[in-house]
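A.B. asks: show me the folded form of this:
(3 chains)
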Amino acid sequence: MQAASVDIRKVNKFYGPFHALKDIDLAIQPGKVTCLIGPSGSGKSTLLRCINFLEEYDSGEIRIDGEMIGYDAPGRRMPGRKLRGMRRAIGMVFQQFNLWPHMTARENVAEGLIRVRGMSRAEAGERAAEALEKVGLGDKMANHPSRLSGGQQQRVAIARAIAMEPRVMLFDEPTSALDPELVGEVLNVMKALATEGMTMVVVTHEMGFAAHVADQVAFMEKGELVGVDSPARILHEPEDARIQAFLRTYHERNSF
Amino acid sequence: MDFSIFLQYGPALLKGFGITVLCWLAGTVFGMTLGLVVALIQRYGPRWLGWIIQAYIEIIRGTPFLVQLFVLYYGGPLVGLRLDALPAGILGLTVYGSPYFAEIFRSGFRAVPHGQIEAARAIGMAELAIVRRILLPLGLVSSLPALVNFSIILTKETVILSIITVPELMYQVGRMSAETFRYLETNLVLALFFWLLVEAISRVGRRLEARITKHLVEERT
Amino acid sequence: MFSIPVFLDSFYPLFLAARYTLLISVLGIALGLVIGTLICAARLSPYGPLRRFAAVWVSFLRGVPLLVQLLVFFYTLPVIGIDVPAIVAAVVTVGICASAYISEIWRGAIAALPRGQTEAAIAIGMGPRDVWTRVILPQAFTMSLPALINELILLVKASSLVSVVGIMEVTRASQAQAATTFRPLEVYIAAACIYLLINLCLAALGRYLEHRTAV
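C.D. replies: Okay, here's the model as predicted:
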């Protein structure tokens, strides 16, 4: 499966009078990892959710491998079937895991394969098992989410996404809801995915992950994309005063 | 007090009980189905249909069941709706119960975290599949206690059907009282009977809940 | 077909009868409040038999259809030598039935109060009486106001059942009206409108109170 590119051009988004995304331009190369950082309410999650059109953008365009998502032409919504087809290629992992509590880990992963990819129950089950092995949960397949730790639940959620063989993966603060000691196992799975050459867009507060895994880091504030550059340039020698201020508070809060 | 009359009227009472159970089961099943349809329309249907349904809910919930039955059974023939007492009673129970069931389903659906529906959308699941595989199972489970509770309330409402001459238990007891003049004994026994019935159903309902929600409760270790 | 003049004409007698519907519901809830409070106190009392009595009271009255309760009451009173007008028997039955629900409303409201409230009161040295009258009950009362209004709405609807013992409230009056005009459809729909009107007003009052007491 070929990794895809994501091109975001002049994207704007309003909630009533509130301008949530302001003329966002961002190019993401196939196989590269992009981290979106910034204070809460800066619009980074909104931008991420626009990429698979869970959130509608009002103007501009977002293209997955050159194909615009959400609209057939500016202002004309694409039919639901076509949108669903595009979403198959975009995996998403949520802050709150959002596993379906009435299904086991394996059923959670197999569900999309059966309903969306049209696989047989047996084949989907096999694929689900492989995906769960890959995130290190081969022994927890029969557990319901209520019997898994937060870190395990998030790994199942990642397995659910990668089992669909996406060409882009979106992560919306995947470790923010986890107890500190469970963050590592999830980040490790994400790192492994990055080394396989997956295109990844990650909204995160884990600066360590951004520094070591990301190919580029984008900083957002108040709906604006303030800067995009290599992790070293953004995290260690930022020029913009807003980025400096953000990193200062970050370091103050994380030192003791 | 003399309770021996109950032996003499045994068959009639048994038949009445059968009809009570029939009315209750039919009213619950049809009312629940109608309520589910109403709740789904409220969630997915066009705005104007939602308003009509809201008006329907307010009207049914704002008027006594007995008056609804009178409109249906005595008023119906004037607009060509001629029903026997029993079908009229079942239809009445269905209509009466549906808005309550609809409200129960509606809040059950609201209790399904939006993220779980988004997760299904994000992997490209079709809206219908999302309703069938995610919204319904989770919504039904969170509606279950309220569903059980309301169907218990409906067992009690069945006695009102006796007023429009549905030959259910209360009706048979009424006839028996009129023939034997034993009003006190008969009604006391009827009261006791309903008390036990309602307690029994509540107990079964709680068991059922505990079993169905087993996987959904966070395990504390 | 549906006749508008007949429909409109049936309102006047039904409005007169609505006084009885309101009377029974309001007196019923008043009586229910008094008995319900006592029952709730009994349920929360440290004295076991009292608690069990209250639990049986609530379970029995909530398990038995109101129509059956009405008839039991109606036929019991003469047997034990009490001869009261039908309307009194009706109010008492409705009130007793309501007491079971009201005591549960109280209990729910008291249980919903954060434990910290009581602890804070004890911590500053309040005695049990002050804790109840100054801290718990005032909060429980404001919290349960919407539920009590809702109970009143239920009583307005339930009061239609006392028509079976011959009291000329809205439902009974509409039956009489239907029998003389032979137009049951119009008359009963008019009766439904009156109930709806009363209940929509009460629901609006409930929303107002809920809004006002929301903190």
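
A.B. asks: C:Pro138: how many residues sit nearby?
C.D. replies: By other CB atoms under 10 Å in any protein chain shown, the residues close to C:Pro138 number 11. (Each C-beta comes from the backbone N, C-alpha and C, glycine too.)

A.B. asks: can you report how many residues lie near A:Gly31?
C.D. replies: So A:Gly31, with other CB under 10 Å, has 17 neighbours.

A.B. asks: and the residue of chain C nearest chain A?
C.D. replies: C:His211 (24.0 Å; CB to the nearest CB).

A.B. asks: quick one: pLDDT of residue 153?
C.D. replies: You didn't say which chain, so I picked chain A. Per-residue confidence (pLDDT) for A:Gln153: 93.

A.B. asks: nope, chain C
C.D. replies: Reading off the model, C:Ile153 has pLDDT 92.

A.B. asks: tell me which element it is part of?
C.D. replies: In this structure, C:Ile153 sits in helix C:137-158 according to DSSP states H and E.

A.B. asks: beyond the host helix or strand of A:Glu181, next helix or strand please.
C.D. replies: Using DSSP H and E, A:Glu181 falls within helix A:180-195. Next along the chain after helix A:180-195, taking DSSP H and E as the criterion, comes strand A:199-203.

A.B. asks: how about low-confidence regions in the stretch 101-250 of chain A?
C.D. replies: For the stretch 101-250 of chain A, no stretch is flagged by pLDDT under 70.

A.B. asks: quick one: the helices in it?
C.D. replies: Remark: helices assigned in the stretch 101-250 of chain A by DSSP state H, counting those that start in this stretch are A:105-115, A:121-134, A:150-162, A:180-195, A:207-213, A:231-235, A:241-254.

A.B. asks: likewise for chain B?
C.D. replies: B:5-8, B:10-44, B:47-62, B:65-70, B:85-110, B:114-122, B:127-130, B:136-157, B:169-180, B:183-212 (DSSP state H).

A.B. asks: same thing with chain C?
C.D. replies: Using DSSP H, helices in chain C cover C:4-9, C:11-44, C:48-63, C:66-79, C:86-112, C:115-123, C:128-130, C:137-158, C:170-181, C:184-213.

A.B. asks: so which elements touch the fifth one?
C.D. replies: Counting contacts by 3 or more CB pairs under 8 Å, 6 or more residues apart in numbering or on different chains; DSSP states H and E, helix C:86-112 packs against helix C:11-44, helix C:48-63, helix C:66-79, helix C:137-158.

A.B. asks: the shortest one to helix B:183-212, inter-axis angle?
C.D. replies: Taking axes from the mean of the first three to the mean of the last three CA atoms, to 10 degrees, one finds helix C:66-79 and helix B:183-212 inclined to each other by 150 degrees.

A.B. asks: show me what contacts the spatially most central residue of chain B?
C.D. replies: Central residue of chain B (CA atoms, centre = their mean): B:Thr28, 3.6 Å from the mean position. Applying CB atoms under 8 Å, 6 or more residues apart in numbering or on different chains to B:Thr28 gives the contacts B:Gly97, B:Ser151, B:Leu154.

A.B. asks: over to B:Ser162?
C.D. replies: Neighbour list for B:Ser162: B:Glu168, B:Met170, B:Tyr171, B:Gly174, C:Leu67 [criterion: CB under 8 Å, 6+ apart].

A.B. asks: could you measure from the closest residue in space to C:Asn150 that isn't next to it in sequence over to A:Gln154?
C.D. replies: Spatial nearest neighbour of C:Asn150, chain neighbours left out: C:Gly206 (6.3 Å); criterion: CB to CB, 6 or more residues apart in numbering or on different chains. Look at C:Gly206 and A:Gln154: by CB to CB, to the nearest Å, they are 44 Å apart.

A.B. asks: looking at those two, which one has more neighbours?
C.D. replies: For C:Gly206 versus A:Gln154, neighbours defined as other CB under 10 Å are more numerous around A:Gln154 (30 against 19).

A.B. asks: my read: that one touches A:Ser176, true?
C.D. replies: No. The criterion here is CB atoms under 8 Å, and A:Gln154 misses it with A:Ser176 at 10.3 Å.

A.B. asks: for chain B, what is the nearest residue in chain C?
C.D. replies: Closest point on chain C to chain B, by CB to the nearest CB, is C:Leu185, at 3.2 Å.

A.B. asks: grab the nearest non-local neighbour of that residue.
C.D. replies: Using CB to CB, 6+ apart, the nearest residue to C:Leu185 is B:Gly75, at 3.2 Å.

A.B. asks: okay but the one you found is in contact with C:Ala190, surely?
C.D. replies: No. With contact defined as CB under 8 Å, B:Gly75 does not count as touching C:Ala190 (10.6 Å).

A.B. asks: and the two? Which one has more around it.
C.D. replies: C:Ala190 (25 against 21).

A.B. asks: could you dump the helix or strand bottoming out on mean pLDDT in chain B to PDB, C-alpha only?
C.D. replies: Between all helices and strands in chain B, the lowest mean by mean pLDDT, DSSP states H and E belongs to helix B:5-8, at a mean of 74. Output in PDB follows, covering the C-alpha atoms of helix B:5-8 (Å, rounded to 0.1, in the frame of the first residue of the first chain):
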ATOM      1  CA  ILE B   5     -66.100 -17.400  44.900                       C
ATOM      2  CA  PHE B   6     -62.700 -17.300  43.200                       C
ATOM      3  CA  LEU B   7     -63.000 -21.000  42.500                       C
ATOM      4  CA  GLN B   8     -66.300 -20.600  40.800                       C
END
